Each structure stands twice: as structure tokens, then as C-alpha cells.
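>>> the sequence and its predicted three-dimensional model are supplied below.
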Amino acid sequence: MTNDQSAPVSGSIMVVGGGIAGLTTALEAAEVGYEVYLVEKNPYLGGRVAQLNQYFPKLCPPTCGLEINFRRIKDNPRITVLTQAEVEKVDGAPGDYAVSVKVSPRYVNENCTLCGACAEACDMEISNEFNFGMDRSKGAYLPFEMAFPARYVISPQIIGTDDATKAKEACEYDAIDLEMEPKSLDLKVGSIVWATGWEPYDATRIDNLGFGQYDNIVTNMMLERMAAPNGPTKGQILRPSDDKAPESVAFVQCAGSRDENHLPYCSYICCMASLKQATYIRERYPEAEVYIFYIDMRAPGQRYEKFYNMIKADEKVFFVKGKVAEVSEDPSSRQVTVVAEDAVSGEKVRQTVDMVVLATGMQPTAANAKLSADLTMTEDGFIINDFDTGGMFAAGCANKPADVVSSNQNATGMALKAIQTLARK
Amino acid sequence: MADSYLVEPDVGFIEEVSRLGGADVKKCYQCATCAVACPISPDTKPYPRKEMIAASWGLKDRLINSGDIWLCHNCGDCSTKCPRGAKPGDVLAALRTAAVAEYATPKALAKMVSDPKKLPILLAIPAVIFLVVGLLLKMVGINWLNFAPTGDHLWGHSYINNYLVDIIMIPTFTGAIAVFALGLKRFISAIHENAVAEGKTDKTTIDPAGFVQALIKTVPTILKHDKFNECTDNADRATPHMMVLFGFIALFIVTGSFFVAEWIFHIEGPYRQINPVKWLGNLGGLALIIGGLILMKKRMGDEATTYWDWYLVGMVLALGITGMLTQLLRLGGAFGLMAIVYWIHIIFVWALFAYTPFSKLAHIVYRTVAMTYQEYSGRK
């Protein structure tokens, strides 16, 4: 044991992606003494976890976990957080990379006190992607109330409009700078951890499941936002067509996952997510019925299995072994009928419900946005960790579909790999 | 579960299904998408999900004895929607191939029909039969086979006499009917037992009058291709299939009419070109050729198409083309060539009759009966 607080630093580490895996990687490396650049494309940290209502299986909100991590970052001078930043180019070799990072302007500086006057001053509303477009926000906005950095953002959509001027005039703290320009940073780092995370699979591509066609079919991530107290419905779960409290909800598992026509792999989290979301429905509506249509329920490990058994014991939650392959809507009641074959009874089931939740899977971000580095990927866009070459590693869902626990374990491991690259140099 | 039973997998059957084009069955993970994607599967015990697991477990009896494999029209919608590429449509087609062999007697002949290497032997059989019977008759003074036909108006009579054709074709046709009858006897009781066991019907016995009524209801559905037209993926095969079916029906009527004309009214051919029956024959022949060509085009490059399918497409085209050519060559006066083409035509006609219960064409009987049984059983 040594009391020397500064580790033998011979370079910095870059972490790409500020979701739960990226946060963990950055903190693990920084807290043992390494310099870390944390590059995040959104104006806030927290990634997909920030959008959740609750984690499974403990059913605690994402503030639990994110808050402490944000605190650790704030207290750690070795972490440089770059939000609205994207890696443009990576050159070099393990131990010696030159990375170009493009930082888009936030138009709000550190003087911001979160007073919200800028947002009040704006007239125009823009689609709120944090809530999957289910509501709209002002052109000057705070992504969510515990956003880190805790600072408003001016959307590029209102730059050049009256709203931008009004927002600037409304700010008493001189926090808005409409002259901010995009910046290019050239950073030297010894190793890079890609924690670029995932996107919900585009449900409109699953043409037999009616998403985008019928209003009362939503995705599991949309339901998270509805259930979240800071979501578009302030935590109420309502049918999108008429804001009615649903009396019955059907969950469609493997919506796009384990399907060669979409995502050929199991997305790992959707079974647990639906079980968790069943509790959201049941807790709000004690009379509501929940139907879960599945191929196989995957609740890996003792803790998840216990959670599954708990939901199974609920007499208003019905499990049907059979994948939904057809949906239709009654145009007057706006109810949706899902069709599946119950493989246990061998009979076709037509279940009419108020609302359908598609348990859409996770697609690695790198599947749809080419990463500008020499990385080996699977056909599906997951980054393969090449430990022989080293230098660059993938953590969390950039590497494989995973839950928060596995992402964090994996992130800790990748932080060590990144450190080893520097130490060996 | 109260209805637990000991699964006895027939590994040989799994291999047979794989060989017959259903090898992807092993990819199935029982999600049951197929049973919903199928536009014609009933709500009660829908297929093909249960067939997929039975096939991968080698539960031969459940499959061979099931009418459901015949209700399938190979639309292909299930295979398109299948998340694993297990191709349920192809697996059910392979199961039908296996079932044809099971209900046919002798089974060895069915094996030959499904084997491309045996095709020359199968076609040599009628050639030999005609020669042997013709020569034997010659020995007793009946000159129905003439190798050097002469005259300016060559007709079958002066070459391969219609009587020779008929005395061979009639027993062949009757034999085929008998093979079907034997097969059907087992088939009907098997699919009924299977339906009762699997809870697909509440009928306990088969009442012949009710069954005939169901048949009367089913035939128009088949003729109109109502089920076939519900398909999405292979829907474009419905029209050519209809052409071939109606072509065969027309030619069957024509053959029957001229048979009666010759044997009962003793009106000898060739009949005049303006004869309406001849018109029907020509229309039927054209339908066969055009329908066959469209089917051939649609199946070319389709990896699901097996020799079993090509055998039937080939048979349709060979019959249509040699028949039509014979007429054209005769009208054109190319008698030498006509003699050869007619000879080939006769061989194919015999093969059609003799091998139908052993070939894919047997579906005309098994599917009709299975659809009739579904109608009879009241399954929706």
C-alpha cells in the first residue's frame, strides 16, 4: 500500500458516452488518479438511465445512482466533462491517440442559475426527444430537473429567431451567449473507452405490430417516460388516444428482438423491463389487467427470478406463451386487439386491451451512427473488445445488451483495461 | 400435466424431413409467430407451430396422421415472418412429401418418384409396357402397334392404336384409383383419430352422408382457390395453379368424351377441328402449358423448390407441350416427327396416371379430403 494519491500517470483516458457505463468508467479511472475526458453528445449526462422511471428489480428511481455519480464527478478535478460533444476522428495507436472532438454550442454559460426565465420568455415549442416526442418544450430548456451539468440549453432550432433574443433579454445573469461557436478540440489520450450505449429499436419497422399506425400502441421506453414523475404525463399512465386510464394493458415481448428480420439477438433487458412496468400499471390501477405475451421469459439470476415470481403471483397479471404477430384496432373504442397462439393450450388468443406496450429491444448506437475509429464490430453494431490490440475498449451496451448492473461491472473492468494501457506504455 | 406422455423421437423421420427440404426445422424456437402469420390457419389448434415442434422431436405419427399439414397451401407467409429462418412453409411441404409415401402402396415406388436418379427408370416403364403388350398382341394377330406407319393421313390408329393405349391406360388409371382408395381409407381414419385426440373436433364418428355434404361444400372453395387467394407471399401462384387445375379438368372431360365416342358410339378419330370438345381440349392444353410455364418461372431461383415440386411442374409442361405438338405436327403433315412426339406424350400420360398417388400431384386427393374433413369437423 502506498499513500501516494497520484497514480503514475503517463497519459489520459477518454470515455465516449456519458451514460451509466461511461460515468462508471470515468469515475473508476479518475478516482484512482487518472485524467479523464468524458465526451457526451447530449447536453446532459445519464443517458438512457436518466429516462427511466425506476430501476429493476429494486424499483428505485434513477436519481438513486445518478445523483451520487454526478456528485463524484463534480468533486473530481481529474474529469473533464464535454457535453454536446462528438468524436470526429481518432488517429494513433494504443498509448498515443490523437482525438478530434467537436463541441456544439450550448449558448448558455456557467452563470446559469436554473431560474427558468429564458424558457418563460420563449414562445415557440419544439419536440421533446427526452420524452420521445410525447410532449414539447421551449427552445430554451433544461433537459430534466436533475440534469448535469445543471444548466439550461438553447436549442439550435431557435437560434436566429426572436425567441433567442427574448431568452437572452430575459436572463438576469448574463448566462446566455448567442455568439458561442462550435469548437474543435484536439486531445491526446492514451486509451479510449467507448460507452456509446444503445437506442430503442425503431418500432415503426416492425410492420405487423402497428406502432405508428395505432395511437394506443407505445414502446417500453415511452412507458418509462409516462410513468416517470418528470415525464410528459407527470407520472400518470394514460392511453395516448384519449388520456383514459387503461383498464387493460398488453405487453408484447421480443418486439424486434430475437428476430432475423430485425435484431437477431436477445436484448436482455426487455423481459425484466416489462415485469417492472407491470408493477407501474398495477400500482396505479388496482383493477387493471396486464397481459404479457412472450416467447421465453428471461429473468436471469436469483434476484431477477424472485422478481418474476413476485409478478407471477399477481392474479391480475396474465402470462401468455406466444409471440404477438398481428394487431388491429377498433376505430370507435380505439382498443387494440393482439393476436398470438398460446403455445401451452395450442389455441389462438385474441386479446383486446386499452393499451399495448411493445417491449422493443436495444440497438447499439454504433449500428446507426458510424463511429470514427478503427474498431471491430459485430454485424449488429456491437463493438468487439480486442484485448490483444488493446488501447480502445467498449463498455456497457456498446459491447453487448446489458442491464445497469452488468454495464457497471463491465465498465469497471474496462476502466482497468484503459489504465493498463497507460501503465504499460 | 394430466396428459403427459412419453415422447419417442423417430430420428430417422427427422432426417427424412430434412432431406425432403425441411432441414431448417431445427432453427425453430417455438415463438408461434407462424400460426398467427398464416392467413388460413384455424383458431382452434392452429398450425404450423405445433407441427414444427413435432417435426423437430421426430413425432412421425402426429404429423403423418394429421390433416393439418394438408390444410397448409404453402403461402409462405409464415416463412417470411419467421424470426429464425426456420421456414415452416418448407417444413410442412416436406411433411406432405413424407405423408404421400406413407399412404402409398407400394412405398418403394413412392421413394422412386421422389428420387431424381430414378426418373429414367420411371419413364422407361411405360415405354416397355407399350412395346411388350403391343408385341404380344401382334403375336396373336392383333396389329395395334405399327413401327412403320404409312399413308398420307397418319393417325394413331395406323401407329400406336387407340385400343392399345386404352387397354393399358384403363387398368393403370383403375390401379391408381385403387392405390388412392387404400391410402384414403387409412388417411381418413387417421386424421379423424388425430383430430379427436388433439381436440380439433367434437365429432366422434365419421358419418358418410355428412362427409359427402362437406365435400360438396368444399369443392367450390377449391375450384375458386378461395384459400390460396388468402395467401400473401405466394399469392401470385394462385392463378397459374388455377390454370393448371382447370386445364387438367378440361382434358379429363375431353379424354372421357372421346373414350365414350370411340368405345360406345364407335366414332373414330381424328375428330374435326371445329368439334367443341376439341376446342375444350385445346383450351385445356393451352392452360396447362401457360400455367406450367408461369409456375416454372415463379419457382426458378426459389430455393424452397425441391425435385418433388419440379417433378410436377415438369410433368405438367411435358404433357401439355407434347400433346399440343402432336396435334400441330399432324396438322402440319410432319408425320415422322409426330410419331416420336406422340410416343413421348403417351409415356407421360401413363406416368401421370400411374405415379399420381406417389407424387406431389397426390395433393389433389389428400388436400381435398383434409379440407373436406375440416369442413365436416366444424373446426374454425
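Received the coordinates, thanks. Numbers count the residues shown, from 1 in each chain, chains lettered A, B, ... in the order given.

>>> what parts of the stretch 101-250 of chain B come near chain A?
residue B:198 (Cβ under 8 Å from any Cβ of the partner chain). Yep, even glycine has a C-beta here, placed from its N, CA and C like the rest.

>>> where exactly do the helices run in the stretch 101-250 of chain B?
B:107-113, B:119-139, B:162-197, B:208-223, B:238-263 (DSSP state H, counting those that start in this stretch).

>>> mind checking how far the nearest residue in space to residue B:217 that is not next to it in sequence is from residue B:192?
Counting by Cβ to Cβ, 6 or more residues apart in numbering or on different chains, residue B:217 lies nearest to residue B:375, which is 5.5 Å off, once chain neighbours are set aside. Here the distance between residue B:375 and residue B:192 works out to 13 Å (Cβ to Cβ, to the nearest Å).

>>> please enumerate the shared neighbours of these two.
Overlap of the contact sets of residue B:375 and residue B:192 (by Cβ atoms under 8 Å, 6 or more residues apart in numbering or on different chains) is empty.

>>> any regions of the stretch 51-200 of chain B where pLDDT drops low?
Counting by pLDDT under 70, the stretch 51-200 of chain B contains low-confidence residues at B:148-157.

>>> nearest to chain A: which residue in it?
In the stretch 51-200 of chain B, the residue found nearest to chain A is residue B:83; the distance is 3.5 Å by Cβ to the nearest Cβ.

>>> is that residue in a helix, a strand, or coil?
The local conformation at residue B:83, judged by DSSP: H, G, I helix; E, B strand; the rest coil, is coil.

>>> same deal with the one 3 residues further on?
Judged by three-state DSSP, the three-state class of residue B:86 is coil.

>>> quick one, helices of chain A?
Per DSSP state H, chain A carries helices over the ranges A:20-31, A:47-51, A:63-75, A:117-121, A:162-170, A:220-227, A:270-284, A:302-312, A:365-368, A:404-424.

>>> how many other residues sit next to residue 363?
By default, I'm working from chain A. Residue A:363: 24 surrounding residues under other Cβ atoms under 10 Å in any protein chain shown.

>>> that was the other one, I meant chain B.
20.

>>> format the helices of the stretch 101-250 of chain B as JSON lines; extra columns: mean neighbour count.
Below are the helices of the stretch 101-250 of chain B laid out as JSON lines (neighbours: other Cβ atoms under 10 Å in any protein chain shown):
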{"stretch": "helix B:107-113", "mean neighbour count": "17"}
{"stretch": "helix B:119-139", "mean neighbour count": "14"}
{"stretch": "helix B:162-197", "mean neighbour count": "17"}
{"stretch": "helix B:208-223", "mean neighbour count": "14"}
{"stretch": "helix B:238-263", "mean neighbour count": "17"}
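
>>> need the ones you listed in a markdown table with distance to residue B:62, can you?
Output for those, formatted as a markdown table (distance: least, Cβ to Cβ, whole Å):
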| stretch | distance to residue B:62 |
| --- | --- |
| helix B:107-113 | 20 |
| helix B:119-139 | 31 |
| helix B:162-197 | 7 |
| helix B:208-223 | 23 |
| helix B:238-263 | 28 |
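
>>> show me what counts as buried in stretch A:127-144.
Neighbour counts over stretch A:127-144 (16 or more other Cβ atoms under 10 Å in any protein chain shown) mark A:128, A:130-132, A:134, A:137-144 as buried.

>>> against chain B, how distant is the spatially most central residue of chain A?
What sits nearest the mean C-alpha location of chain A, by Cα atoms, centre = their mean, is residue A:48, with 1.5 Å. Taking Cβ to the nearest Cβ, to the nearest Å as the measure, residue A:48 falls 24 Å from chain B.

>>> surely that residue touches residue A:21?
No: here residue A:48 lies out of contact with residue A:21, judged by Cβ atoms under 8 Å, at a distance of 10.0 Å.

>>> which neighbours do those two share?
With Cβ under 8 Å, 6+ apart, residue A:48 and residue A:21 have common neighbours residue A:197.

>>> what separation is there between residue A:390 and chain B?
Counting by Cβ to the nearest Cβ, the gap between residue A:390 and chain B amounts to 36 Å.

>>> quick check: residue A:374 vs residue B:240, distance?
Relative to residue B:240, residue A:374 is positioned 53 Å away (Cβ to Cβ).

>>> how many residues are close by the residue of the stretch 1-150 of chain A found nearest chain B?
Closest approach between the stretch 1-150 of chain A and chain B, counting by Cβ to the nearest Cβ: residue A:56, at 23.4 Å. For residue A:56, the tally of surrounding residues (other Cβ under 10 Å) stands at 23.

>>> next one: residue B:86
For residue B:86, the count of nearby residues is 28 (other Cβ under 10 Å).

>>> so it touches residue B:28, yeah?
Yes: counting by Cβ under 8 Å, residue B:86 touches residue B:28, with 4.0 Å between them.

>>> please identify every residue contacting each of the two.
Residues touching both residue B:86 and residue B:28 (Cβ under 8 Å, 6+ apart): residue B:52.

>>> my read is that residue B:32 contacts residue A:343, right?
Yes: taking Cβ under 8 Å as the contact criterion, residue B:32 and residue A:343 are neighbours in contact, 5.0 Å apart.

>>> show me which of these two is the more surrounded one.
Between residue B:32 and residue A:343, counted using other Cβ under 10 Å, the more crowded position is residue B:32 (30 against 19).

>>> contacts only, for that one.
In this structure, residue B:32 makes contact with A:295, A:321, A:322, A:323, A:325, A:340, A:341, A:342, A:343, B:49, judged by Cβ under 8 Å, 6+ apart.

>>> in strands, which of those residues appear?
Secondary structure of the contacts of residue B:32 is defined by DSSP state E; positions in strands are A:321, A:340, A:341, A:342.

>>> ranking by neighbours, what's the top pick from those residues?
The most neighbours, when the ones in strands among the contacts of residue B:32 are compared by other Cβ under 10 Å, belong to residue A:341, which has 31 neighbours.

>>> please report how far that one lies from chain B.
For residue A:341 relative to chain B (Cβ to the nearest Cβ), the value is 4 Å.

>>> if I look at that residue, how far off is residue A:312?
Note on residue A:341: its distance to residue A:312, by Cβ to Cβ, is 21 Å.

>>> same check on residue A:62?
As it turns out, when the distance is counted by Cβ to Cβ, residue A:62 lies 26 Å from residue A:312.

>>> now do the shared contacts for residue B:32 and residue A:343.
Common neighbours of residue B:32 and residue A:343, counting by Cβ under 8 Å, 6+ apart, are A:321, A:322, B:49.

>>> quick one, what contacts the closest residue in space to residue A:298 that isn't next to it in sequence?
The shortest distance from residue A:298 to any residue that is not its chain neighbour, by Cβ to Cβ, 6+ apart, is 4.6 Å, and that residue is residue A:271. Under the criterion of Cβ under 8 Å, 6+ apart, the contact list for residue A:271 reads A:253, A:294, A:297, A:298, A:299, A:308, A:359.
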